[in-house]
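1. After the sequence you'll find the predicted model.
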Amino acid sequence: MQISARNALKGKIVKVTRGATTAHVQIDIGNGTVITSAITNDAVDTLGLTEGRDAYAVIKATDVMVGID
């Protein structure tokens, strides 16, 4: 995966909480630090995001996105 954002923090998904249209994905990046991203339920399904899966918290400006290998 190549992206323009310089801050891609690899971690493990510890929780996925779905709402009506938006999900909150919590990624543990180590040392007790958990980053939470709000993304669409469709993105969760497309990326196959589940607890225990490795993922990246990709931070660009004021947005936090989620990426996978």
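-> Structure's in. What do you need?
2. quick one: buried residues of the helix or strand where residue 29 lies?
-> Residue 29 belongs to strand 22-30 when assigned by DSSP states H and E. Residues of strand 22-30 classed as buried by neighbour count (16 or more other CB atoms under 10 Å): 23, 25-27. Yep, even glycine has a C-beta here, placed from its N, CA and C like the rest.
3. Work out the gap between that strand and the centre of the chain.
-> For strand 22-30, the gap between its own C-alpha mean and the chain's C-alpha mean amounts to 5 Å (CA atoms, centre = their mean, to the nearest Å).
4. which residues sit against stretch 37-44?
-> Stretch 37-44 is contacted from outside by 16, 18-19, 21-25, 27, 49, 57, 64-66, using CB atoms under 8 Å, 6 or more residues apart in numbering.
5. if we go to 6 Å?
-> 18, 22-25, 64, 66 (CB atoms under 6 Å, 6 or more residues apart in numbering).
6. about what we covered before: let me see the mean pLDDT of whichever helix or strand comes after the strand holding residue 29.
-> Note on strand 22-30: by DSSP H and E, the next helix or strand toward the C-terminus is strand 33-40. What strand 33-40 shows for mean pLDDT is 96.
7. Next, the buried residues of whichever helix or strand comes after strand 33-40.
-> Following strand 33-40 in sequence order, the next helix or strand is helix 41-47 (DSSP H and E). Of the residues in helix 41-47, those with enough neighbours to count as buried (16+ other CB under 10 Å) are 44, 47.
8. Restrict helix 41-47 to CA atoms and write it as CSV.
-> Extracted C-alpha coordinates of helix 41-47, given in CSV (Å, rounded to 0.1, in the frame of the first residue of the first chain):
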residue,chain,number,x,y,z
ASN,A,41,-20.3,0.7,7.9
ASP,A,42,-19.8,0.1,4.2
ALA,A,43,-16.0,0.8,4.6
VAL,A,44,-15.9,-1.7,7.5
ASP,A,45,-17.5,-4.3,5.3
THR,A,46,-15.4,-3.6,2.3
LEU,A,47,-12.1,-3.7,4.3
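9. Thanks a lot, catch you later.
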